[in-house]
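J.: This is a predicted model, with the sequence first.
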Amino acid sequence: NAGVMQNPRHLVRRRGQEARLRCSPMKGHSHVYWYRQLPEEGLKFMVYLQKENIIDESGMPKERFSAEFPKEGPSILRIQQVVRGDSAAYFCASSSGEYTGELFFGEGSRLTVL
Amino acid sequence: AQSVTQLDSHVSVSEGTPVLLRCNYSSSYSPSLFWYVQHPNKGLQLLLKYTSAATLVKGINGFEAEFKKSETSFHLTKPSAHMSDAAEYFCVVSALDNAGNMLTFGGGTRLMVKP
């Protein structure tokens, strides 16, 4: 009965390095969402993906950030050339796609940029 | 466009006393509303949701919320706080015209429970 699995839970990178965050949705879910939570703030929507498709990336920064959800394997959020401002908790959520409004969240990946 | 305002960033109560976490929303369309709870270093868990059925919604752990359209509010309440209720609470709105399940989060309210 695995829920949404995110890894790594904690990631430390130096400025200019790349960060890759992975998310495996709940079994049977084909919709994945990424949110970012800055310290002392709420969650901000980044991107919504279905298998092999980006449905909405209106919350993604225009540069350095990308996301994918391949036919096989987890969804990946990739941040290139990280800067200190990228330090945050990144949460993945999944849904079955039916409109229930309920998303199931992972425990987050906490990125620290030195 | 839609937005959510949680009126208090921090709320402190004593164990056994009532909890009130305030939330106001704005939405161009009939919204669905949710409360999520986040314990330290954990993901978010759904407490309850309103999706145009009964305006008084009961959730897990004794929490409930009332949808008041005239006041555009969706306040979260609990009659008696437990120590385990100490967490961050997020009010969330999702409008029916959105493509997919895109949610707009409030800034969060940190609930502290004193013994």
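T.: Cool, got the structure.
J.: Nearest residue to the middle of chain A?
T.: Nearest to the mean C-alpha position of chain A, counting by CA atoms, centre = their mean, stands residue A:34 at 3.6 Å.
J.: Tell me the spatial nearest neighbour of it, not counting adjacent residues.
T.: In this structure, residue A:34 finds its nearest non-sequential neighbour in residue A:46, 4.4 Å apart by CB to CB, 6 or more residues apart in numbering or on different chains. Using the backbone N, CA and C atoms, a C-beta is placed for each residue, glycine as well.
J.: dump the residue contacts of residue B:79.
T.: Residue B:79 sits next to B:18, B:62 when contact means CB atoms under 8 Å, 6 or more residues apart in numbering or on different chains.
J.: repeat that for 10 Å
T.: Residue B:79 makes contact with B:16, B:17, B:18, B:19, B:62, B:63, B:64, according to CB atoms under 10 Å, 6 or more residues apart in numbering or on different chains.
J.: Run through the bridge partners of the residue nearest to the centre of chain A.
T.: residue A:47, residue A:92 (DSSP bridges).
J.: Would you confirm that it contacts residue A:25?
T.: No - contact criterion CB atoms under 10 Å: residue A:34 and residue A:25 do not qualify, at 11.4 Å.
J.: who touches both of the two?
T.: Joint contacts of residue A:34 and residue A:25 (CB under 10 Å, 6+ apart) are A:49, A:69, A:75, A:92, A:93.
J.: Residue A:33 is in contact with the residue nearest to residue A:34, correct?
T.: Yes - Residue A:46 is in contact with residue A:33 according to CB under 10 Å; the separation is 7.9 Å.
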